[in-house]
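> Quick one: sequence plus predicted model below, questions after.
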Amino acid sequence: MIPVAEARARILAGVTPVAAETVALTEAWGRVLAAPALSRVTQPPADLSAMDGYAVRAAEANAGQALRVVGQAPAGQPYGAVLNPGEAVRIFTGAYIPEGADGILLQEDARAEAGEVTATDHVTPGRWVRRRGLDFTEGDTLLPAGLRLTARDVGLAAAGNHAFLTVRRRPRIGILATGDEIMLPGEPPRPASIYSSNSFAIAAMVRSAGGEPSILPVAPDDRAAIAALVESAAGLDVLVTSGGASVGEHDLVREVLEGAGFSLDFWRIAMRPGKPLFHGRRPGGPAVLGLPGNPVSAFVCGVLFLLPLLAALQGRASFALPVQRYRLGVDLPANDQREDYLRAALRPGADGAPEAHPAARQDSSMLRVLADAQALVIRAPHAPALPRGAEVEAIPLDALGL
Ligand SMILES: Nc1nc2c(c(=O)[nH]1)N[C@H]1C(S)=C(S)[C@@H](COP(=O)(O)OP(=O)(O)OC[C@H]3O[C@@H](n4cnc5c(N)ncnc54)[C@H](O)[C@@H]3O)O[C@H]1N2
Ligand code: MOO
């Protein structure tokens, strides 16, 4: 059994990002930039008014001083002439400030009558003026390569006049559930069978991380059937299998993969749940991540290993799983030699801060406990017993959209 950190490092070693493609900005959310986005404009493009009012020469706009209103400057329609002494231009938020003006008289601080405006308060030079380039300048790097685009980033790219962005294509992830007892939801129940939660939980996880999942037909515990489905994986970036990873006579997946030209990198990790995870590669073909069949084990392995792999395949520059500290809401016993990931609900404590409540039963088959958990509390190998109120580290699942 190898440690979790070593397993992750080995899965990520030598991963090269997938190819780039150009997408319309509406498709860019959640994608990873393959090249930096430089601004194609300066923003604002000129000095603009931040308020509705009058563009004035600030030194003239003293309380009681009447100025002649010589024109209008709505946003998008500059006044077009120089503001002379004794003049004011009616101006609106976002409009170019006329040459000669250096301040804005708010309309709330002004009395307008018969082509004139009189200040009721003084105007500070530069106040309510948004200088040219306040936000950014043409040629600035707005968004670096390797960034996964948020809605905020998409807005910034649009402001920088990008209708398209160059992003990594979505990694193609095939999901192969194995086991004679496994059916897909929608099939009529069969005796001694269960539905493949793994296929769908992992597909959702792949989507959340920007990948393109495809759920392959379920493979029975039969070498030829598994081999045929493995061959259909040639065009994938990663083949994720579930089940058949352990030590039983029906656990055939590793053997079939090796027969199909995959070289196995490692098998078995010192963690719980998820011990039987394996990883391998086929030269020039997909990587394989062999998840254990138990649904919680498959999910936790997906979080710890598949999410970082998806990030690396998309060239994400600085991806790390989020880890937060929480107070424990219960006592915890000492841990054994396997790094433990406890399914925990987060509930507000007496002071309102969230406290972690690991579920009393941590059986790796229990999906309802997993669905009710908002975090995975991390217990290092041989971690000592902890009393209620002690701090622990945990991976918040909501922050990952999981
Ligand atoms: N003698 C030993 N037995 C087991 C060991 C061990 O070290 N020695 N390891 C245990 C651990 S830990 C795990 S985890 C499981 C993993 O086993 P497999 O990867 O071989 O998975 P299966 O045996 O095929 O299935 C385990 C369990 O999960 C259910 N399952 C399988 N696929 C799905 C799916 N797609 N969706 C939902 N549930 C699934 C399956 O029905 C079984 O109940 O092995 C332990 N045994
Ligand atoms: O490590 Mo297996 O992952 O639970 O029951």
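Sure thing, it's come through. Ligands and ions are numbered 1, 2, ... in the order given.
> I'd like to know how many residues surround the residue in the stretch 51-200 of the chain that ligand 2 sits nearest to.
When scored by CB to the nearest ligand atom, the stretch 51-200 of the chain has residue 198 as its residue closest to ligand 2, at 12.2 Å. For glycine as for every other residue, the C-beta is placed from the backbone atoms N, C-alpha and C. Look at residue 198: counted by other CB atoms under 10 Å, it has 30 neighbours.
> Assign it to helix, strand or coil.
helix (DSSP: H, G, I helix; E, B strand; the rest coil).
> Surely it is in contact with residue 296?
No. Between residue 198 and residue 296 there is no contact under CB atoms under 8 Å: 10.0 Å.
> quick one: the residue of the stretch 51-200 of the chain closest to ligand 2 and residue 90, what's the gap?
66 Å (CB to CB, to the nearest Å).
> Work out the gap between the longest strand along the chain and the centre of the chain.
With secondary structure taken from DSSP state E, the chain has its longest strand at strand 339-348. With CA atoms, centre = their mean, to the nearest Å as the basis, strand 339-348 stands 22 Å off its chain's centre.
> can I assume residue 336 is in contact with residue 382?
Yes. Residue 336 lies in contact with residue 382 (CB under 8 Å); the separation is 7.2 Å.
> Near ligand 1, which residues of the stretch 251-400 of the chain are found?
Residues of the stretch 251-400 of the chain lying close to ligand 1 (CB under 6 Å from any ligand atom) are 251, 273, 275, 276, 292, 293, 294, 295, 297, 364, 365.
> Columns secondary structure on top of those, output as CSV?
Shown next, in CSV, are these (three-state DSSP):
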residue, secondary structure
251, coil
273, coil
275, coil
276, coil
292, coil
293, coil
294, coil
295, helix
297, helix
364, coil
365, coil
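> out of these, which one sits closest to ligand 1?
residue 293 (2.5 Å).
> what are the ranges of the helices in the stretch 301-402 of the chain?
307-313, 367-372 (DSSP state H, counting those that start in this stretch).
> So is the shortest one next to ligand 2?
No. Using CB under 6 Å from any ligand atom, helix 367-372 stays clear of ligand 2, with a minimum separation of 11.9 Å.
> Contacts for that helix, please.
Around helix 367-372, the neighbours that count as contacts under CB atoms under 8 Å, 6 or more residues apart in numbering are 197, 295, 296, 299, 343, 345, 359, 361, 362, 363.
> Leaving out the residues flanking it, which one is nearest to residue 55?
Closest residue to residue 55 apart from its sequence neighbours, by CB to CB, 6 or more residues apart in numbering: residue 101 at 3.8 Å.
> ignore the last one, residue 112
Residue nearest to residue 112 in three dimensions, not counting chain neighbours: residue 69, with 7.1 Å by CB to CB, 6+ apart.
> go on, residue 390?
Excluding the flanking residues, the one nearest residue 390 by CB to CB, 6+ apart is residue 328, at 5.3 Å.
> how is the chain carved up into domains?
As assigned by automatic domain parsing, the chain contains the domains 4-18+170-313, 20-43+138-168, 48-130, 324-400.
> Would you mind finding the most buried of the ones you listed?
Compared across these, domain 4-18+170-313 shows the largest average neighbour count, a mean of 19 (mean count of other CB atoms under 10 Å).
> Look at it and report the distance between its end residues.
End-to-end distance for domain 4-18+170-313: 20 Å, by CA to CA, to the nearest Å.
> just stretch 86-106 next, same as before
Stretch 86-106 has an end-to-end distance of 17 Å (criterion: CA to CA).
> Now do it, average pLDDT.
On average, the pLDDT along stretch 86-106 is 97.
> again, but for stretch 52-71
95.
> what does the stretch 201-350 of the chain have sitting close to ligand 2?
So far as CB under 6 Å from any ligand atom goes, the stretch 201-350 of the chain lies against ligand 2 at 272, 273, 274, 275, 292, 294, 297.
> Generate JSON lines for those, with distance to residue 142 and pLDDT as supplementary columns.
Shown next, in JSON lines, are those (distance: CB to CB, whole Å; pLDDT from 0 to 100):
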{"residue": "272", "distance to residue 142": "44", "pLDDT": "97"}
{"residue": "273", "distance to residue 142": "42", "pLDDT": "98"}
{"residue": "274", "distance to residue 142": "40", "pLDDT": "96"}
{"residue": "275", "distance to residue 142": "45", "pLDDT": "96"}
{"residue": "292", "distance to residue 142": "43", "pLDDT": "97"}
{"residue": "294", "distance to residue 142": "45", "pLDDT": "97"}
{"residue": "297", "distance to residue 142": "42", "pLDDT": "98"}
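> Any chance of a markdown table for the residues you listed, columns distance to residue 234?
Shown next, in a markdown table, are those (distance: CB to CB, whole Å):
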| residue | distance to residue 234 |
| --- | --- |
| 272 | 34 |
| 273 | 31 |
| 274 | 27 |
| 275 | 29 |
| 292 | 25 |
| 294 | 29 |
| 297 | 27 |
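> ok now stretch 151-163, how far from the chain's centre?
Counting by CA atoms, centre = their mean, stretch 151-163 is centred 17 Å from the centre of its parent chain.
> Please disregard the earlier target; I meant stretch 266-274.
For stretch 266-274, the distance to the chain centre is 26 Å (CA atoms, centre = their mean).
> Not counting its own residues, what contacts that stretch?
Contacts to stretch 266-274, defined as CB under 8 Å, 6+ apart, come from residues 1-4, 7, 10, 245, 254, 275-279, 290-292, 294, 296-298, 300-301, 304, 337-341, 362, 364, 381.
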